[in-house]
Each structure stands twice: as structure tokens, then as C-alpha cells.
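Trainee: Okay, structure incoming, though there's no sequence with it:
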């Protein structure tokens, strides 16, 4: 049995699924897509561990802001970002450390 599995990820970003659900999408060209899916599509990331970076939805991060989604960069866990619906995805990717992927 394997004890390790490799991935191509250079970075990991955690997105709160509960916040995304409360906001009701709000991202992408039609503003109906969840933040995690919109970021993956915008950055042209492959699915799963074959992508250049990982955008992972987690259950709840415990902040629960009004009208925003909590995002945490795995490499910088001290800084948590609050992303408002309709935010520019280039700016979001740059602020959470995904711009260079």
C-alpha cells in the first residue's frame, strides 16, 4: 500500500464552502459561479492533483462574514482573505498567491 502520493501543486488555497453557499455564487462572467470553481476556470487549472495549484473547498472556516467568502492560502495561514462577490478574479488570484501559477 502506498503511504505517499505526489501532486503537481505549487500552492494550495482553501475556500469556505459555507460562505460560498451563503453568497449564492457571485463570481464568474455571469456572477452565478462559486468562487472555487470560478478561480479554477479563470486560472486554467487542471482537476485534482495534476493541476499547477489546488483550490480546495472546505466545510467551514468559522469566520462567517456577511456577503463575502473566506479564502486562506496554505503557504500563508496567518492571513485570511475576505472576497466579495463580483471581485476581479485576477486581483483575487494575486492577493491569495495564485497569480504566478
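Mentor: On my side now, so go ahead. These figures come from a predicted structure and were not determined experimentally. Numbering: from 1, shown residues only.

Trainee: so what strands line up beside the longest strand seen in the chain?
Mentor: When the chain is parsed with DSSP state E, its longest strand is strand 76-83. If you go by DSSP bridges, strand 76-83 pairs up with strand 69-73 (antiparallel).

Trainee: residues in contact with the partner strand?
Mentor: 11-16, 19-20, 23, 35, 61, 63-64, 79-83, 85, 92, 96-97 (Cβ atoms under 8 Å, 6 or more residues apart in numbering). For glycine as for every other residue, the C-beta is placed from the backbone atoms N, C-alpha and C.

Trainee: Quick check, residue 83 in contact with residue 91.
Mentor: No. Taking Cβ atoms under 8 Å as the definition, residue 83 is not a contact partner of residue 91, at 9.3 Å.

Trainee: So those two - more neighbours on which side?
Mentor: Taking neighbours as other Cβ atoms under 10 Å, residue 83 and residue 91 compare with residue 83 leading, 25 against 11.

Trainee: can you pull the contacts of the more buried one?
Mentor: 35, 68-71, 92.

Trainee: and those residues, which two are the farthest apart?
Mentor: Comparing every pair within these by Cβ to Cβ identifies 70 and 92 as the most remote, at 12.3 Å.

Trainee: okay, and the common contacts of those two?
Mentor: With Cβ under 8 Å, 6+ apart, residue 70 and residue 92 have common neighbours 81, 83.

Trainee: Beyond the longest strand of the chain, next helix or strand please.
Mentor: helix 89-95 (DSSP states H and E).

Trainee: Good, we can wrap up now.
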